[in-house]
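Asks: below: sequence and its predicted model.
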Amino acid sequence: MAELDPTITGLESAVEELRRERDLVVEGFRSLARKHNLPHEPIGRHEATDPISTQESPSPSEKQLLIRLHSTLLPSLLSQFTSLHQAFSPMIIWRDTPTQLRITGETLIQIDHTLDEITSVVDSICPTRPPTPNQTDDHDLYELKNYRLHGLDHWIKGQLWGNLGHFIFHSGVHLMETGLSTLEPEPGRGARPSGWGRVWGCIIPCQDSIEMSMNWLKGSEWDSILINWRSSRDAINHLWNVM
């Protein structure tokens, strides 16, 4: 019986190892979405159903949490997300696939930890839904106007979670489409074509959501209007392109 060519055997082994690594990354995307209840499609305006809070102003400890959210957690998430989509870019991932898959897996773990912390902080600050802003509330709250808490609740629990879930879902589908992952599509989600173009289309909304969440804490009212307008314009352009 003829012996197998060691070169062929080594290549087959490398391909199998690459498939295992890709399966781990795909499962990492799925686990992140399941754990944090991230929807696989971006959602519209966040309509909270929680009871409305009657608290008039945040306590000193809550203000410290807001500072940590703005100065540490959201910037960390933005940096981690940037690293993730850079490692996942076709120009990079196909150049050194094993290394980029390892970086992707490590970054997913970091994002998971950061989302845990953000969830804890937001739930502590907004255990119930902030009241709808009005002139009286805004005057009473002075440096931390109520519209900022209302916007923060909307952008993190609604827009940010929805856009992250959209990116994560299509990233996992894109990896399966390469043929180097052995995992099957999740039940109920099918195997809709994804491709890098769809993944890339999720990146700007994710970055906008993180930046908008940061702006609701410290940005000026004018900055809030500009960023919100840009996000709405991009959403309209996206809908126009897919029609």
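Replies: All right, it came through fine.
Asks: so where do the helices sit in the protein?
Replies: Assignment of helices within the chain using DSSP state H yields the ranges 6-35, 60-68, 74-87, 90-93, 97-125, 135-141, 146-154, 161-177, 195-218, 221-242.
Asks: now those as JSON lines including mean pLDDT and mean neighbour count?
Replies: No exception for glycine: its C-beta is placed from N, CA and C like everyone else's. Formatted as JSON lines, those follow (pLDDT from 0 to 100; neighbours: other Cβ atoms under 10 Å):
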{"stretch": "helix 6-35", "mean pLDDT": "78", "mean neighbour count": "14"}
{"stretch": "helix 60-68", "mean pLDDT": "81", "mean neighbour count": "14"}
{"stretch": "helix 74-87", "mean pLDDT": "90", "mean neighbour count": "19"}
{"stretch": "helix 90-93", "mean pLDDT": "73", "mean neighbour count": "14"}
{"stretch": "helix 97-125", "mean pLDDT": "89", "mean neighbour count": "17"}
{"stretch": "helix 135-141", "mean pLDDT": "49", "mean neighbour count": "12"}
{"stretch": "helix 146-154", "mean pLDDT": "69", "mean neighbour count": "22"}
{"stretch": "helix 161-177", "mean pLDDT": "83", "mean neighbour count": "23"}
{"stretch": "helix 195-218", "mean pLDDT": "79", "mean neighbour count": "19"}
{"stretch": "helix 221-242", "mean pLDDT": "66", "mean neighbour count": "12"}
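Asks: any idea how far C202 is from L65?
Replies: Going from L65 to C202 by Cβ to Cβ, to the nearest Å gives 29 Å.
Asks: surely L69 is in contact with I210?
Replies: No - using Cβ atoms under 8 Å, L69 makes no contact with I210, being 11.3 Å away.
Asks: what sits in contact with each of those two?
Replies: Contact with both L69 and I210 is made by no residue, according to Cβ atoms under 8 Å, 6 or more residues apart in numbering.
Asks: tell me the spacing between the residue nearest to W155 when sequence neighbours are not counted and Q207.
Replies: Leaving aside its chain neighbours, W155 sits nearest to S213 (4.5 Å; criterion: Cβ to Cβ, 6 or more residues apart in numbering). For S213, the distance to Q207 equals 11 Å [Cβ to Cβ].
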